[in-house]
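Participant: Turn this into a model:
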Amino acid sequence: MQKNDIIKNLAIEEINNLGCGVGHLVDSNGKRGQVVFVQEAVTGDRLDARVIKVTKSYLVARIENMISPSSMRCEADCKAKGCGGCVYRHLSYEHELEMKREYVKNSFRKAGLGDVEVAPVAHTGELTGYRNKAQYPVRNGKSGVEVGFFATGTHRLVPASDCKLQPPVFAEITAYICNFCNQNHIKAYDEESRRGLLRHIYLRTGAKTGEIMVCLVLNGREFYKEKEFCAELEKKIPQIKSILLNTNTQNTNVVLGKEYRLLSGRAWIEDELCGLRFNISAGSFYQVNRNACELLYGIAKEKADLTGKETLLDLYCGIGTIGLSMADKAREIVGIEIVDEAVKCAAENAARNGIENAYFYCGDASDAEKLLTNAENAHGRIENATVILDPPRKGSAPELITYLAKRNFNRVVYVSCNPDTLARDCVVFRELGYEIGEVTPVDMFPRTGHVESVVCLTRK
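Facilitator: This next block holds a predicted model:
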């Protein structure tokens, strides 16, 4: 096959977590050949496809003609094409949930843990407007400064200010900022020439409180008519409680620089989660789907099965959200986090909510033997703790798992955003004498290919 060839009467056998339908070339004898990935195709579709990429092991194609659509197909409600975000928007939500459960099952099967039970995917049912955070790249377009998202695997901007996953107010804010830039001849940053001022628009909101943070990421340290800009924007959108500048003058794909400057309001916004109030700064981690996060934390709390007598050791604790949500069921919370700013924020969040049994310390989870050094020097020896483990996508280091087993912690509740690394780490836990409980997937990011999971590992 060559580029632009048409594959006739292709049967789509499944759909992957990138939103591509998967089929195979079939010869005249019915023998299956190369795999074909078809953008926006759905399991059960039969179609003609035009080849757009050829490799030695697979083909990539797009739909040329739909012969018979799948019963699982639905009408996509997003005009943006190619941004790579809502990869399942053309798929019925019921089938999306089935696929995500199967994705988790396959991850455990591939890791040799096919006997592990995987529950149906827990979800809130909210499919739009659930994200409380957005980072919009900015480019100079034909009509001036415009925002959107990068097409998959590129830095080509797909205009999408009114993304279905973001709250509608985000579109109002980005439209105002773009108009302000165009009226005042402010240019967007150009990656090739490294000229231009505005690189990204970074927005956060408290889904419960409605408070909004606006952060302009600049290739510089000053914005034009700063006071006038803030006054007009705050008048237009009264929910805005924080306006910041972030300086990023580096030739990098990293969105945020290290330097922030407050233009108006306060340096944080507030939100309510699991009945607690939290301050959210621009640089702090906070789950992007607040309602699904409450669901996830509730499941983790249930699996922890606390009696009020245990120490809860919260690793990768961030600003303390997950540990503090369980403080009412534990004797004490000890949180460990490598980012000093987040540790201070976690302690402030505990004080703000009147929680007196929570303590937070700096520690590096990549250095297992020294992980609890600061905590135990200040707090005393931590024995027989229940552990909450919530690592980044790359999962936990095997040295940390070995250390937890060496310390003989009886129960580990593992929260993961990557089923593959979760399954890999569960193999290590099993080898070290832990039983793997039922895995519960949680749909934190509906219409995307991502799925969160939580599982309890118990010492035999």
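Participant: buried stuff in the lowest-mean-pLDDT helix or strand in the chain?
Facilitator: Every helix and strand of the chain was ranked by mean pLDDT, DSSP states H and E. The lowest is strand 157-159, at a mean of 79. Neighbour-count burial for strand 157-159, counted by 16 or more other Cβ atoms under 10 Å, picks out 157-158. C-beta here means a position set from N, CA and C on the backbone, and glycine is covered the same way.
Participant: Name the residues of the helix or strand that comes right after it that are buried.
Facilitator: Counting by DSSP states H and E, the element after strand 157-159 in chain order, helix or strand, is helix 168-183. The neighbour-count check on helix 168-183 (16+ other Cβ under 10 Å) flags 169-171, 173-174, 176-178, 180-181 as buried.
Participant: In CSV, could you pull the C-alpha coordinates for helix 168-183?
Facilitator: C-alpha atoms of helix 168-183 as CSV (Å, rounded to 0.1, in the frame of the first residue of the first chain):
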residue,chain,number,x,y,z
PRO,A,168,-18.0,27.9,29.0
VAL,A,169,-16.6,30.9,30.9
PHE,A,170,-13.1,29.9,29.8
ALA,A,171,-14.1,30.7,26.2
GLU,A,172,-15.2,34.2,27.3
ILE,A,173,-11.9,34.8,29.0
THR,A,174,-9.7,33.7,26.1
ALA,A,175,-11.8,35.7,23.7
TYR,A,176,-11.3,38.8,25.8
ILE,A,177,-7.6,38.3,26.0
CYS,A,178,-7.2,37.7,22.3
ASN,A,179,-9.2,40.8,21.5
PHE,A,180,-7.2,42.9,24.0
CYS,A,181,-4.0,41.7,22.3
ASN,A,182,-5.3,42.5,18.8
GLN,A,183,-6.5,45.9,19.8
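Participant: what helices or strands is it leaning on?
Facilitator: In terms of contacts (3 or more Cβ pairs under 8 Å, 6 or more residues apart in numbering; DSSP states H and E), helix 168-183 is packed against strand 133-141, strand 144-150, strand 198-205, strand 212-218, helix 226-236.
Participant: what pLDDT, on average, does it get?
Facilitator: Per-residue pLDDT over helix 168-183 has a mean of 95.
Participant: for stretch 201-213, same thing?
Facilitator: 96.
Participant: Can you show me the helices along this structure?
Facilitator: Ranges of helices in the chain, per DSSP state H, are 93-110, 168-183, 226-236, 290-304, 321-324, 340-352, 373-379, 398-406, 419-431.
Participant: Check the offset of the third one from the chain's centre.
Facilitator: From the chain centre to the centre of helix 226-236 is a distance of 31 Å (Cα atoms, centre = their mean, to the nearest Å).
Participant: For it, name the packing helices and strands.
Facilitator: Applying 3+ Cβ pairs under 8 Å, 6+ apart, one finds that helix 226-236 contacts helix 168-183, strand 240-247, strand 259-265.
Participant: and those as JSON lines, adding distance to A207?
Facilitator: Compiled in JSON lines, the helices and strands packed on helix 226-236 are given as follows (distance: least, Cβ to Cβ, whole Å):
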{"stretch": "helix 168-183", "distance to A207": "11"}
{"stretch": "strand 240-247", "distance to A207": "14"}
{"stretch": "strand 259-265", "distance to A207": "19"}
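Participant: related to what we said a few turns ago, now distance to V38 too, for the helices and strands packed on helix 168-183, in a markdown table please.
Facilitator: Below are the helices and strands packed on helix 168-183 laid out as a markdown table (distance: least, Cβ to Cβ, whole Å):
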| stretch | distance to V38 |
| --- | --- |
| strand 133-141 | 27 |
| strand 144-150 | 22 |
| strand 198-205 | 32 |
| strand 212-218 | 36 |
| helix 226-236 | 43 |
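Participant: Next one: A405 from D425, what distance?
Facilitator: Taking Cβ to Cβ, to the nearest Å as the measure, A405 falls 12 Å from D425.
Participant: for the protein, what's the longest strand?
Facilitator: Criterion DSSP state E: the longest strand present in the chain is strand 58-68.
Participant: that older thread, with respect to V145, which of the helices and strands packed on helix 226-236 lies nearest?
Facilitator: Nearest to V145 among those is helix 168-183; the distance by Cβ to Cβ comes to 4.3 Å.
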